[in-house]
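**Q** Sequence unavailable; structure follows:
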Ligand code: 5AD
Ligand code: SF4
């Protein structure tokens, strides 16, 4: 199949560029050229950055978090809300002085924002010290871009969105050692009317199941305990592919791999999330008891205007099925407040859904118009201040729910993955199979290990004691 040829040949070609780039970089910068990758936005971007970091290492760079010492600076950007874009422009601006001090350094901008023609044009015009801008579907060509620039080529603007290939065999430099990301599909076909993602990430494409399983195996073998499968809409995994593996089947296959690890996934779309998937979560012991199911609005009228293609009622039916079937389930969601044309009555329906479901936590956003999306052309008479008041009301309601529900964990014993250091001296933090964070006495030697913790009390955080 053509896909296979693309998968296997492209990175090989890029390895050649990487080797050449490495030789040029040493000549230009001395023995230890350094690269800094600054990532904005979602987990998909974090995952993409891990792959680009792998390519940078392959191209002879050592990674650094200190932008001021870097010879190659890469901004991996997010376009989902205006605020994210403003932050990126601010960050790019700071490299002007660095470039002034050392004109040899290379500044690059990639990711969702870079994919937008208007952004690329603005950078071309107003940020002459940016050396390269490249889009979401050509990231695997990073070694080639570096080589071309290092060998004296002009500024690079590469935005092609051909919706075809998923490059495999790309080197990966993961940020974590026991929690990691595993992309299963790219792109989105849903065209929710507020969302820029389908325009900047292109059409849905799924990775071959064998490739995903191979990567999962590698992660497990190198000590990963918590693997999150990523896609804009994981429920459409495999759609239209000849292999016939859907997302539930993929979960089952990863669940069947040997090893002590946990599988998470995001994001699910309510219109495609099936009871079969919920049964799979229940039946697969390594799949965590967490469902992130964004509902965006509780009003059917607004859901229609958002082109979400489900109703409040069908959403609630799914949620209730999940609650009835998955013990200790953590439910989380995304909500947009102040979509164009939303009234206070519509907002109250969102509020009542939040109160009815009692989510573990919420990701809440005030609507941000994105140029080129249908919603950006809709009338939007409610002021930002008014939307801000609704937003605060929603946050208060969720805080009350969280406060009320947190104590239900007391007395329960959970299997917890120890994943960080608490603020409290001598204590560690960990998460259960859902999203509940628990603190317990321990030290660095526990990091990345599973322990059983009995929750004893709540005092700003849940505290427990390790039972084995
Ligand atoms: N304005 C505000 N929030 C948005 N999201 C997506 N597009 C917009 C927008 N234009 C939110 C949705 C989505 C999450 C990732 O970001 O809630 O689920
Ligand atoms: Fe955006 Fe909707 Fe696709 Fe999610 S499903 S990425 S909100 S268009």
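**A** Arrived safely, thanks for sending. In this text the structure is predicted, and so the values were computed from the model without any measurement. Ligands and ions are numbered 1, 2, ... in the order given.
**Q** distance of residue 169 from residue 205?
**A** According to Cβ to Cβ, to the nearest Å, residue 169 and residue 205 sit 16 Å apart. Quick note: C-beta positions are derived from backbone N, CA and C, even for glycine.
**Q** the more surrounded of these two?
**A** residue 205 (19 against 14; other Cβ atoms under 10 Å).
**Q** Kindly list the main-chain dihedrals of that one?
**A** phi -140, psi 130 (degrees, to the nearest 10).
**Q** Also residue 246?
**A** Main-chain torsions, residue 246, degrees, to the nearest 10: phi -100, psi -180.
**Q** if I pick it, what's in contact with it?
**A** By Cβ atoms under 8 Å, 6 or more residues apart in numbering, residue 246 lies in contact with 237, 238, 239.
**Q** Show me the residues you listed that map onto strands.
**A** With strands defined by DSSP state E, no entry of these lies inside them.
**Q** Quick one, which of the residues you listed are buried?
**A** 237, 238 (16 or more other Cβ atoms under 10 Å).
**Q** which ones are touching the closest residue to residue 22 other than its chain neighbours?
**A** Leaving aside its chain neighbours, residue 22 sits nearest to residue 60 (2.8 Å; criterion: Cβ to Cβ, 6 or more residues apart in numbering). Counting by Cβ under 8 Å, 6+ apart, residue 60 makes contact with 18, 21, 22, 23, 25, 26, 33.
**Q** Which one (most neighbours) among the residues you listed?
**A** Ranking those using other Cβ under 10 Å puts residue 21 first, with 29 neighbours.
**Q** For residue 439, grab phi and psi.
**A** phi -110, psi 150.
**Q** number of nearby residues for it?
**A** Number of residues near residue 439 (other Cβ under 10 Å) recorded here: 23.
**Q** ok, it touching residue 460?
**A** No: if you go by Cβ atoms under 8 Å, residue 439 and residue 460 don't touch, sitting 9.6 Å apart.
**Q** Just send the contacts of residue 60 back as JSON lines, with secondary structure and pLDDT too.
**A** Formatted as JSON lines, these follow (DSSP: H, G, I helix; E, B strand; the rest coil; pLDDT from 0 to 100):
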{"residue": "18", "secondary structure": "helix", "pLDDT": "97"}
{"residue": "21", "secondary structure": "helix", "pLDDT": "97"}
{"residue": "22", "secondary structure": "helix", "pLDDT": "97"}
{"residue": "23", "secondary structure": "helix", "pLDDT": "97"}
{"residue": "25", "secondary structure": "helix", "pLDDT": "97"}
{"residue": "26", "secondary structure": "helix", "pLDDT": "97"}
{"residue": "33", "secondary structure": "coil", "pLDDT": "98"}
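**Q** Just send those residues back as JSON lines, with distance to ligand 2 too.
**A** Shown next, in JSON lines, are the contacts of residue 60 (distance: Cβ to the nearest ligand atom, whole Å):
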{"residue": "18", "distance to ligand 2": "31"}
{"residue": "21", "distance to ligand 2": "33"}
{"residue": "22", "distance to ligand 2": "36"}
{"residue": "23", "distance to ligand 2": "40"}
{"residue": "25", "distance to ligand 2": "36"}
{"residue": "26", "distance to ligand 2": "41"}
{"residue": "33", "distance to ligand 2": "36"}
